[in-house]
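In: Build the 3D model from these lines:
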Amino acid sequence: MLVHFWGTRGSISNSITAQLIREKLFNALKKSRDFELDTDDKINLFIDNELPFSVSGSFGSNTSCMEMRDNREFVVCDCGTGLRDFGNYISSLAQQGKIEFPKTFHLFVSHLHWDHIQGFPFFVPAHIPGNKIKIYGFHPEMEQAFIDQQKVRSFPLSLKDMRGDISFTVLDINKEHLVAGHKVTGMKQNHPGESYGYCFEKDGKKIIYSTDAEHKKDSESEEYSFINFFRNADLLVFDAQYTLLDCIDEKKDWGHSSNMLGVELSVRSNVKRLCLFHNEHTYNDEDLEKSLLDGRKYVKLYDKDVDLDVHMAYDGLEIEI
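Out: Purely as a prediction, here's the structure:
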């Protein structure tokens, strides 16, 4: 199974300005002075091997959206602005004759804050007759939240005017659900407005999607519950929006966690891969790269015998499970 990240920013989209691009170009050209780059192959090798990701790429600008791809039905977590890019990609495949519509799309919503549903009005497959768009979540008011964001004063097209077959299913937090071959369970998380994490199990693989969750060091019972929820996951997608200092000081009770807490919980849960997610919108690429490197260093400080694979999510990242 392939996990593809279409949107990884938290709270609000992060703009990529002309000045930021200029700074990346300047740093890349400065670094290139010591290299002979007279062929395309040499240029590509230089980009791949000599430049940090913060210079050669970008962590992106879209809000939360993650796809779990197995070449059958489509399963997606959250409907942030990244959902628009996902929909455009799928639609382009259809236009090229690589897939055929109608298709079924399963969309799981962690919670109803705007950065997690704002991409849905721009989701092209939901505008195409015959496509089935099945939206799942644990909030009874979920459908109303989607209706409200497309009321006439906020958007020119109402939800009922979208031509796809759109349905909403409120899940029972106390039950296991079977969706597109995945065994799906949920867990309530500490976040304003109530957020829920998801566990997906299929073909012997376990993926945890746990964004918008604040983990408090002084809550042993809650910590133990999450360790059980995360246990033996092949991939844990973890809210690491803030630094540890912000989590325990200035931004305490804001509903988010840090890279350090992600490492600790992953090690204690025997997680194989940790992907830091819901990136702070005020952090630039250098800040996020430092957070990733700090997290990787902390693994060995926390437990030198553990081999935990740590990633920082970015728009376009793919992880094979």
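In: got the buried residues for stretch 133-145?
Out: Neighbour counts over stretch 133-145 (16 or more other CB atoms under 10 Å) mark 133-139, 142-143, 145 as buried. Yep, even glycine has a C-beta here, placed from its N, CA and C like the rest.
In: ditto for stretch 102-113
Out: By 16+ other CB under 10 Å, the buried positions in stretch 102-113 come out as 103, 105-113.
In: Go through the buried residues of stretch 133-145 and flag which are in strands.
Out: 133-137 (DSSP state E).
In: So in the chain, which helix runs the longest?
Out: For the chain, the longest helix by residue count, based on DSSP state H, is helix 285-302.
In: close enough to count as contact, Ala28 and Val55?
Out: Yes: applying CB atoms under 8 Å, one finds Ala28 in contact with Val55, separated by 5.5 Å.
In: Double-check that Tyr196 belongs to a strand.
Out: Yes: under DSSP: H, G, I helix; E, B strand; the rest coil, Tyr196 sits within a strand.
In: Okay, helices next: where are they in the protein?
Out: For the chain, applying DSSP H gives helices covering 18-31, 40-50, 53-56, 82-95, 142-148, 220-230, 244-248, 259-269, 285-302.
In: Would you tell me which of these gets closest to Val124?
Out: The closest of those to Val124 is helix 82-95. By CB to CB, the value is 4.2 Å.
In: thinking again about what came up before, out of the buried residues of stretch 133-145, which comes closest to Asp165?
Out: Ile133 (6.8 Å).
In: do you know how far the closest residue in space to Glu201 that isn't next to it in sequence is from Phe138?
Out: Once flanking residues are discounted, Glu201 sits nearest to Lys183: 4.4 Å by CB to CB, 6 or more residues apart in numbering. Note on Lys183: its distance to Phe138, by CB to CB, to the nearest Å, is 16 Å.
In: and if you look at Ser158?
Out: 25 Å.
In: Just the C-alphas of the lowest-mean-pLDDT helix or strand in the chain, formatted as CSV.
Out: For the chain, counting by mean pLDDT, DSSP states H and E, helix 244-248 ranks last in confidence among helices and strands (a mean of 79). Extracted as CSV, the C-alpha positions of helix 244-248 are listed here (Å, rounded to 0.1, in the frame of the first residue of the first chain):
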residue,chain,number,x,y,z
LEU,A,244,8.2,20.9,22.8
LEU,A,245,8.7,24.2,24.6
ASP,A,246,5.6,25.7,22.9
CYS,A,247,3.6,22.6,23.9
ILE,A,248,4.3,23.0,27.6
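In: buried set for it?
Out: The neighbour-count check on helix 244-248 (16+ other CB under 10 Å) flags 244, 247 as buried.
In: What helices and strands are in contact with that helix?
Out: When contacts are defined as 3 or more CB pairs under 8 Å, 6 or more residues apart in numbering; DSSP states H and E, helix 244-248 sits against helix 259-269.
In: Buried residues of the helix it packs on, list them for me.
Out: 259-269.
In: neighbouring contacts of that helix?
Out: By CB atoms under 8 Å, 6 or more residues apart in numbering, the residues outside helix 259-269 that reach it are 215, 217, 223, 226-228, 230-233, 236, 238-240, 243-244, 247, 271, 274, 276, 291-292, 294-295, 298-299, 302-303, 306, 308, 310.
In: Relative to Gly137, how far out is the closest residue in space to Ser266 that isn't next to it in sequence?
Out: Take Ser266 and drop its neighbours on the chain: the residue closest to it by CB to CB, 6+ apart is Leu274, 4.4 Å away. Taking CB to CB as the measure, Leu274 and Gly137 are separated by 25 Å.
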